[in-house]
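A.B. asks: let's see this in three dimensions:
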Amino acid sequence: QVQLGESGGGLVQAGDSLTLSCEASARTLIGYAMGWFRQPPGKEREFVAAIWYSGGGTRYAEFAEGRFTISRDTKKNTVYLQMNNLKPDDTAVYYCASGNIPGLTLRTDASDYLYWGQGTQVTVSS
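C.D. replies: Next comes the predicted model:
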């Protein structure tokens, strides 16, 4: 069982930066992938970024490459999403997710992640 709690969302202006945090509560996260997804208003949930909790390998959605950085602090059981140069299109509810995913490839499909946080709202004004 993994419990996840996001924080750090808010209202920012275009071009600003924001860092989201996801604190995980679990017996172990070894072998787990940690992901960030987002759901813009009126749209479906989409993949943002993922990281292997143990090894640190990462994967990003195309729109996130170069602007967003996912990282983790294993001592704090926390995963971060650093977002730079935010755009109004980044407005969404951002969710942290976790899954014990087999293999070596980080998955981008939400159905591969079993545990989810409650989400945190990010609003970017123009």
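
A.B. asks: need the distance between the two termini of stretch 71-91.
C.D. replies: Stretch 71-91 has its terminal residues 21 Å apart, counting by CA to CA, to the nearest Å.

A.B. asks: show me what contacts the residue with the shortest distance to the centre of the chain?
C.D. replies: Computing the C-alpha centroid of the chain and ranking residues by CA atoms, centre = their mean puts Trp36 first, at 2.0 Å. By CB atoms under 8 Å, 6 or more residues apart in numbering, the contact list for Trp36 reads 20, 22, 48-50, 70, 79, 81, 94-97. Glycine gets a C-beta too; all of them are placed from N, C-alpha and C.

A.B. asks: among those, name the ones in strands.
C.D. replies: Using DSSP state E, the members of those that fall within strands are 20, 22, 48-50, 70, 79, 81, 94-97.

A.B. asks: just the closest of those to Tyr113, please.
C.D. replies: Using CB to CB, Ala97 is the member of these that sits closest to Tyr113, with 3.7 Å.

A.B. asks: so that closest one makes contact with Leu4?
C.D. replies: Yes: here Ala97 lies in contact with Leu4, judged by CB atoms under 8 Å, at a distance of 7.2 Å.

A.B. asks: which of these two has more neighbours?
C.D. replies: For Ala97 versus Leu4, the count of surrounding residues by other CB atoms under 10 Å is larger for Ala97: 24 against 21.

A.B. asks: so how far is Tyr95 from the closest residue to the more buried one other than its chain neighbours?
C.D. replies: Distances taken as CB to CB, 6 or more residues apart in numbering place Tyr113 nearest to Ala97, at 3.7 Å, with adjacent residues excluded. Separation of Tyr113 from Tyr95 (CB to CB, to the nearest Å) stands at 9 Å.
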